[in-house]
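# Turn this into a model:
(chains A, B and C)
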Amino acid sequence: MDERLRSIETIVASRRGEHGALLSILEDVQRTSDHNYLKAEELACVARALEIPLAQVYSVATFYAFFNLKPQGEHVITVCRGTACHTRGSKPLLDKVLAHLGVTLGDDGSATTDDYQFTVQTVACFGQCALAPVIAIDEVIHSKVSEDQLIELVRSLQQGGQE
Amino acid sequence: MDEKLINVTIDGRKIAVGRGTKIIDACKRVGITIPTLCYLEDISAYGSCGVCVVEVENSPRLVRSCMHIVTEGMVINTHTPRVLHARKVNMELLLANHPLLCTSCERNLNCELQALAHQLGVRESRFGRTKTKFEEIDRTSPSLVRDPNACILCNRCVEVCESMQTVSAISMIGRGLNTKVGTFLDGGLANSPCTNCGQCALVCPTGAIVERSAEDEVFAALSDPTLTVLVQTAPAIRVGLGEAMGLGEGALVTEQMVTSLRRLGFDRVFDTQFTADLTIMEEAHELIDRITHNKPLPMITSCSPGWIKFIETFYPEQVDHLSSCKSPQQMFGAVAKTYYAKRAGLDPRTVRVVSIMPCTAKKYEAGRSEMDGAFKWWKKEMDLSDEERFADVDWVLTTRELARMLERIGLDFSTLEGSDFDDPLGASTGGAVIFANSGGVMEAALRTAVETLTGTVLENVEFSDLRERAGIREAALTIGESTVRVAVANTLGNARVLLDQIKGGESPYAFIEVMTCPDGCIGGGGQPIPSTAEIRAKRIASIYEEDRHKPIRKSHENPSIKELYETFLTKPLSDVSHQLLHTEYTKGDAYRY
Amino acid sequence: MIRILDQLQRVGEESLYPQEATIAIGMGTCGVGSGADVLYRRFGEEIERRKLPIQLRSVGCFGACSEEPLVMTGVTGLPMVLHRQVSELDVLPIIDAVLAKRYHKGRVYCKISEWDHHLSKYSYGTGYPEVPEWNQIDFFRSQKKLVLRNAGIIDPDSIAEYVAVGGYRAFYKVLGGMSRSEVIQVIKDARLRGRGGAGFPTGLKWELMARETEEEKYLICNADEGDPGAYMNRNEMESDPHSLIEGMLIAAYATSAKEGIIYVRAEYPLAVKRLNDAIAAAYEHTFLGKNILGSHFSFNLSVVEGAGAFVCGEETALIASLEGHAGRPRVKPPFPSKKGYLGKPTTINNLETWCNVPLIIAMGSAWFARIGTNLSPGTKVFSLVGKSRNTGLVELPLGEKLTTLVYEAGGGSSNVEKSIKAVQSGGPSGGCIPAHLFESSIDYENLAKIGAIMGSGGMVVMDSDNCMVDSARYFLEFTTAESCGKCTPCREGLSQALSVLDRICEGEGKESDIALLEELSRHISDTALCGLGQSAMNPVATTIRYFAQEYESHIKRRRCEAGTCETLVAELCSNSCPLTMRIPTYITLLKENRLVEAFTSTLEDNPLPGTLGRICHFHCQMRCRREEVDSPVHQGELHRYLADTLYKMGQEQEVYQQMIEDKYPSTGKKIAIVGAGPAGLSAAFYLVRLGHEVTIYDEHPQAGGVLRYGIPAYRLPRDVLDKELELFDLLGVNFRFNTSLGTDITVEALRGANDAVILALGSYHHSHLTLEGSEGGHVIQGTEVLRRQAEGEDLQVGKRVVIIGGGNVAIDVARSLWRLDREVTIAYRRGRDEMPANRSEIAELFAEGITVVFDVSPKSVVRDGTGKVTGLSVNELEQGAFDVSGRRRRIPTGKDSIIECDTVIIAIGERVDSALIEAEGLSVNEAGHLAVERYTYKTALDGVWAIGDVITGPSTAAEAMGHAKEVAHLIDCSLMGEIRFHTLFTDFKYGQEIWDTAHEGRQIKAGQLPVAERHSSFAEVNLGYSGRQARMEASRCLRCDVCLEGEVSNG
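Now for the predicted structure:
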């Protein structure tokens, strides 16, 4: 863990003084984290290194949708809830995949399976509206997805996980 | 500031106001008080509540009078149907997610939300609750209780914590309807850098932040015949309690206060001012010791527990600048349970000390683990086990709590006859009285130190430089050949300025007084609400008035103090003094959570 | 310093216009999402393996997102050719085609012979006359690509190519010889306005900033495109990042800012990467940094990734975010130009605004100001998405009409069966613009006037399947979640409005809710702190303004016609049926071989099952979810099958007997119904069973109304209708035929003698057509022909007939007369796809070989000297701009022609007889229909209700019968003071599992009478299902009605 905190200090050092440093640093820290989330000690480390109050860092981390404060699943399924996707049926897609994985969205708008294999989350809009409905699985965009296709994609990941 | 005046028309009346005036303040000039829940003059202008809106001609939308500055020729209407409706709807919206548990709220009948709802004609909200969950109440702190459910997100507390105190223990967490005021990782105030100053509670318009009440415990102790319950009252209470009992801002009620405490059932009514004088004795000698023995300077006062927590947390490397003296409250507890108990023939285990303090941090201070000098003193003598540990001070009540207790027993405060403190821990000097004001400890200390150092009698005991109403004050005095520079800071933001000077090796001062709260203890977090700059000015004046009328104004001349030294402590900075009246500090960490 | 530009120009031109063949692949996020990256790899491997003389290029997005992936091929001297929807299978054919200096036919989209970058121009060559030029395609026709001038043509990763098409020359011009104030003046003269949505004048903004004397000043590009449904900024960054950099450089020069920040959404990783690469390249070539291009001018530029907060599109929130805080806006003033980032003067502009700047500087303000409108010059890029046939980025001059955007560029609805209802403009802060306002011009002022805003340019097309209440709810859910939480009206107010919408969508709405929402809209807009809150209620306000009826329907009838609101909708087919027939019930009973029960259920829901099973528009099929798999289930054919089978076997009698037995005892209440058409009959059916004494009055000699006198027998055999009418006699409905309202009876008299009166008068009046020469015989109305045919009268129709019109009546007349051996021609003013008749009828019309002349309007009836009709003179029309219905207007060409004939039949529509209605003391509404209170069917007269076409104008039988069902329920309640209607329906129990034997494959077509056998015969054309066919079709049902544990219904 010390190594991790050192690497965070390196991130802070490389971005110190940049415009929008706190956002960029937290983004970097999360991107380099294990389960794509910000841990308490990591947030504290950033606050200490930047000499800004802990509460401010927490305020920022809880304000922006990009930041996770809970570990995310091995595979992240992101269902776009943009207007175009909504008009083209992204809600049923979301319901279907949640039911398939047996989870429900929590207060933070995401759901992670107990085995940390999958996280289902939504995004306000991918900006891929022409391809609606759009989902992303581990950052790969799938366009014009039907419910069956989506479940098929998830199944193949599930089977892949068992091997 | 630009001298040019700005002409505006408010509700048809023309008026000229200074450039940069906010609409809300301009309205005050024509006798219109604009209702608001988030604006607090000189403290916080956030613009969140939306209650202070007014109509400005040629502005497409309603305008927040607390944020907008007048411009030449502006035409303002403050009570059109559109304005009144908008205010009312915003109030209804705020009430929709408010618990509305007024009768069980500490702030019942002293709540801005409640009062404004009444003023705006909102009897019930047409809207239902939309928040799906209730937030956990933060009871971690020894001083304060935060109930986010009652919060209306006015941001005043965040603002005082961040800007005035530079502590930032709390912040706006989350977004949208889930926004709340919270601490890092929702760990609670106790797990934050919170200094327990309670300024947040003072500015809170609702019951979302209140002191942690000890009323019930004290009532229970008072009714327990096996206990001897002593009470001490801090200097600032005599100018705060009257206010809380409805006698007007800054009313001086020393003698009624004493009677009322007796009526409540305290066995002895003593005065923290007694140990304020004692503090001066110890602290002045410590200063002299530091100056003459080349020990770390500047020395900084240590009476204000919020400040202690602040320096321990944010400037741990500077704690050796702190005077090792305990605060008067703690000195009182230690002396009462040793010197007085012995003298009165009381088993210290049956003695309870209750403090009436203008301060929420005092609750925290009394609970600090090292604050059991009396127990340690008796431990050897009586062969006590660790399980029998007792604290020097058992319970701390704020001015507001005492007022509530008096109300509860139905005491008619206004017709109460005055009486005097009990002896011997009730005797005090003018130097002790002014502890209540920022600069007072310094002034009292100088009254004693100068005389001690120079051996001459000080003619003018009032140090006007230290009485100027500024966040940081300075004075230079010539003692013999040398000039000693001293400084006074109130609020932690100002203290930080002086600490940064020390950190940079640029501090020119030998002695610094720091008070956590604006204007000192009279503006403490336990004082009556509201506690505005205007009100505080009246409290300050009453305190100086009390000082002026005290027959003895220098601490070292207090006969009871002299007796204490002669019969018990021997001399300032003696071994017993050190054991009972001095303490050590802990190095903290602002990033601990 | 010009040397750097010249060098880059040479390098750029070499890659942009190479001497060898090129294959360029659109590699925007849309393209990659559709597999462009895979294609790029495959092309690369192939070219590498075979060492082909082909240059493979990666370019940005050309904007036609629904055609992705796009592959552009180029051969020296010939136009570039765009291939669309290219798959891996097309890789080899495309390579082969390029090598042969051709194109791949199977995927060809359009060609580009020359391209105007505005700062440069290039001719690729001429050729391929058979391939349409790009701007001849509807999607591009009206576009003017200024901001998108380089998108899809150049390689966004190549600064050299940007320079080669004229990039950085505008900046060079500024640096080399313009003063700061001159630059600002040009922008002011161009009247460029902020493209972020609010439309603030850019030049003025810069001027305010330039006036500030602080040393430290900042420029910020707002690319935090958070509007769901908008992605133009993403594409602009991905396709042409240097034009942004150049725009900011020019502004930096003009305002003397030293630092620039581009604030981009973290959700746009590719855009971030391309920007960072472009900035690095610009630094490398000294376009950025210290002493730019050797001058004294310095400017630094960096990218900051926003972390997912919509509110950060608001400038003060964006600044707070950059400063390391939560993005909570503050009150303005002070404006950022005075106190912005870090308290310093700051200019924030939307990305698209910046991209316009180099063009304006290079081409001059006068050039720019000529494009678009006077108040809003220039273009705006729109992202056209939703239920649009074409989706993608459309850059139009401001002031263009929505019809151009939606119908021309968008190609109308993505499903021809469904009409476009509205467009949501400007995302969640925008408003819903209903189709009838599509003539509106798209500019800042006009959009604001109709309650929408330009916003960032998102345009989401919605059709009849989109519930407007749900869509308002959706946007509000978004803004409520994205509210920063600071101010009361936004944080609390939006959540309250959302909870109101939630309850409306769940069928728990109160009648006062609409007023409450309107009050909240006004209040939040009036007192919210920032733009997000002030505009957040726009979608609610506009949907209430334009679609109040949908709100009312949810509240008063607990119905969501679009079938979107889950709580209100069980299965989509039943929900869309005007009669709310229990469709899965009869399908399942049929599948379970319980034919009598299946028939009973259809009869309970619809007293004319065999009839409706033939002539319905089948609203159910249009909403069948099976359509997503292959094609909808033919529910109508199934219920016709049930009726036919029962009648064939005579089993209907036992059902009838049961129904008669179950009749409620007499209530002593008398009800008069005027009109024996489908509406009147249905009302009678339910009311008589409830024990009321019902009498139907009709001017015709027999019952059936339009079913009998308007629909030819080959569509609805008379024996079917007669069979179904038997039941009415059995149930004891009284009929008074040959009795006309106004002459034989009056409403007043009926009211006096009855407890309730229902007017189901239909709409039989002919629409008026003034036609020179129509007096003098042999000009006749279409409905009159159908009536005479039905009553066996002499048709008085000659041998050669022209029918004017394109609706169902025109087609019915044409096909009837064709059967009677007439020579028939239909003259219709539009095209085949625009004919308002049923799709199946149109298909049969053509199958029967009837001549239709399109794009003509009747001018006069031509008569010879004796007065005999010899022909119809028509104006030939050509296609013009789209109208609000999505059809192209027809413009006279001035050319006339004559269609020879001896009879002219007019069939251009029917209307309600408003004179009769007024004479009877009832009121007529604006549309000319009998006015009733919506959803209660109450007329202005107490005790008189009205239903069917008379209150709606010509509509469908099913809709009229739907009214009848509702009014029967309402009248029974009002007469009896209790709810009894639901007791008329049997609760059938049947299987609740989804069949694992669901039949695969497309809809089963019923047999048709061969065309050869149709002449001189009115035998039914549609032969219906066989038993086997019916059971197979039933098995295709996906059983949306079955609710599985843990699953959401309709989901």
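# Check which residues of stretch B:271-281 are buried.
Burial within stretch B:271-281, assessed by neighbour count using 16 or more other C-beta atoms under 10 Å in any protein chain shown, is assigned to B:Asp271, B:Thr272, B:Gln273, B:Phe274, B:Thr275, B:Ala276, B:Asp277, B:Leu278, B:Thr279, B:Ile280, B:Met281. In this view, the C-beta of every residue, glycine as well, is placed from N, C-alpha and C.
# What's opposite the first one in the beta bridge?
Spelled out, that is B:Asp271. Using DSSP bridges, the bridge partners assigned to B:Asp271 are B:Thr233.
# Return the residues in contact with it.
Applying C-beta atoms under 8 Å, 6 or more residues apart in numbering or on different chains to B:Asp271 gives the contacts B:Gln232, B:Thr233, B:Phe421, B:Leu425, B:Gly426, B:Ala427, B:Ser428, B:Ala432.
# mind listing which of those residues are in strands?
In strands, defined here by DSSP state E, the members of these are B:Gln232, B:Thr233.
# And the contacts of B:Asp271, which of them are buried?
Using 16+ other C-beta under 10 Å as the threshold, B:Gln232, B:Thr233, B:Phe421, B:Leu425, B:Gly426, B:Ala427, B:Ser428, B:Ala432 are the buried ones among these.
# Tell me the pLDDT of the fourth one.
Per-residue confidence for B:Leu425 comes out at a pLDDT of 95.
# How about it, nearest residue that isn't a chain neighbour?
Nearest non-adjacent residue to B:Leu425, counting by C-beta to C-beta, 6 or more residues apart in numbering or on different chains: B:Phe270, 3.9 Å away.
# Quick one: residues contacting that neighbour.
B:Phe270 neighbours (C-beta under 8 Å, 6+ apart): B:Leu230, B:Val231, B:Gln232, B:Thr233, B:Phe332, B:Ala336, B:Phe421, B:Asp422, B:Leu425, B:Gly426.
# Could you check how far it is from B:Arg553?
B:Phe270 is 20 Å from B:Arg553, where distance means C-beta to C-beta, to the nearest Å.
# low-scoring stretches of chain A, by residue?
A:1, A:127, A:161-163 (pLDDT under 70).
# Tell me where it has helices.
A:2-15, A:21-31, A:40-50, A:54-63, A:83-87, A:90-101, A:147-162 (DSSP state H).
# quick one, which of these is packed in tightest?
Comparing the helices of chain A by mean neighbour count (mean count of other C-beta atoms under 10 Å in any protein chain shown), helix A:83-87 comes out on top with a mean of 29.
# Spell out whether that one and chain C are in contact.
Yes: shown here: helix A:83-87 in contact with chain C (C-beta under 8 Å from any C-beta of the partner chain) through A:Thr83, A:Ala84, A:Cys85, A:His86, A:Thr87.
# Just list the residues touching the nearest residue to A:Leu50 once chain neighbours are set aside, thanks.
In space, and not counting its chain neighbours, A:Leu50 is closest to A:Val12: 6.1 Å by C-beta to C-beta, 6+ apart. Listed by C-beta under 8 Å, 6+ apart, the contact partners of A:Val12 are A:Ile25, A:Val46, A:Ala49, A:Leu50.
# Where does pLDDT dip in the stretch 851-1000 of chain C?
Residues of the stretch 851-1000 of chain C that meet the cut-off, pLDDT under 70, sit at C:996-998.
# residue boundaries of the helices in it?
Per DSSP state H, counting those that start in this stretch, the stretch 851-1000 of chain C carries helices over the ranges C:914-919, C:949-952, C:957-976.
# So which of those has the densest surroundings on average?
helix C:949-952 (a mean of 25).
# Helices along the stretch 451-593 of chain B, start to end?
Using DSSP H, counting those that start in this stretch, helices in the stretch 451-593 of chain B cover B:492-503, B:533-549, B:559-564, B:575-581.
# of all of the stretch 501-650 of chain C, which residue lies closest to chain A?
C:Glu628 (6.6 Å; C-beta to the nearest C-beta).
# how does chain A divide into domains?
Following automatic domain parsing, one finds the domains of chain A at A:2-63, A:75-162.
# Contact partners for the residue in the stretch 201-350 of chain B positioned nearest to chain A?
Of all residues in the stretch 201-350 of chain B, B:Phe314 sits closest to chain A, at 10.2 Å by C-beta to the nearest C-beta. Listed by C-beta under 8 Å, 6+ apart, the contact set of B:Phe314 reads B:Val167, B:Pro193, B:Arg496, B:Leu499, B:Gly588, B:Ala590.
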